[in-house]
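S.K.: only geometry, no sequence info:
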């Protein structure tokens, strides 16, 4: 499936890029040592999200063009898809605090894009990275590579949880956080169980559960308020009818004798 990663201009291959194509076939793990991944990660950590996304777009395009079958689900592009999705999500998250400086705000002004579209693109890239990693043949990996794969997969689930929570899909976020937490507990055993990576996802899980509970409480209160409004309307109608009867002039004795 085609995954949208933007429409920035792709630069011509450099000497470094050419060296990549002449090296042995790229794998999931060697892709994280490419200039594309390293430079994009550095830009993301510096908060220069736009530059990071541009580098990633170039990297994905170049790697795909170097593959014999142009396989969009090749393991070598999984790290870049993750990097694109998480970078775009960071820009969205930051926009809540600094809307005038964020990439999302700039895009909204220049291209008319909104947060929903950015979230969709971020989800597509994270989900593509997850699908590719899940398909990797773990039997061909060393023990350390298998652990790295599990660690990366847990991180993807964490960011998918962040995205769903941001979008108000709390149940899905809880599911993703729980998967992440289980994976990290399987990896970080013994004294490592006190790792911040576990604490962070536990915290996010707790906050999301509270958000889901608050949402349920709000719905319940809204229903009660609606019922009270409806009941109040019925009572008002009844009171109006009683007042109307009381306001009528008294009937004569003949008429009242017919009532039983």
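M.R.: Sure thing, it's come through. Since we're looking at a predicted model, the values are computed, not measured.
S.K.: give the contact list for residue 42.
M.R.: Contact analysis of residue 42 by C-beta atoms under 8 Å, 6 or more residues apart in numbering lists nothing. C-beta coordinates here come from the backbone N, C-alpha and C atoms, glycine included.
S.K.: Then residue 120?
M.R.: If a contact means C-beta under 8 Å, 6+ apart, then residue 120 has no contacts.
S.K.: Give me the pLDDT for it.
M.R.: Note for residue 120: predicted pLDDT of 95.
S.K.: What of residue 3?
M.R.: 62.
S.K.: now swap in the one 10 residues further on and tell me
M.R.: Predicted confidence (pLDDT) for residue 13: 43.
S.K.: Residue 163 against residue 121, yeah?
M.R.: No - taking contacts as C-beta atoms under 8 Å, residue 163 lies outside contact range of residue 121: 10.7 Å.
S.K.: between these two, who's got more neighbours?
M.R.: residue 163 (25 against 19; other C-beta atoms under 10 Å).
S.K.: To which secondary structure element type does residue 47 belong?
M.R.: Put simply, residue 47 is coil when judged by DSSP: H, G, I helix; E, B strand; the rest coil.
S.K.: Excluding chain neighbours, what is closest to it?
M.R.: residue 94 (7.6 Å; C-beta to C-beta, 6 or more residues apart in numbering).
S.K.: contacts for stretch 178-197?
M.R.: The contact list for stretch 178-197, computed with C-beta under 8 Å, 6+ apart, reads 147, 150-151, 153-155, 157-158, 161, 198, 201-202, 205.
S.K.: Just the buried residues out of the residues you listed, in ChimeraX syntax.
M.R.: Only the buried entries of those go into this ChimeraX selection, using 16 or more other C-beta atoms under 10 Å:
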select :150,153,154,155,157,158,161,198,201,205
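S.K.: In helices only, show me the contacts of stretch 178-197.
M.R.: Of these, the ones assigned to helices by DSSP state H are 147, 150-151, 153-155, 157-158, 161, 198, 201-202, 205.
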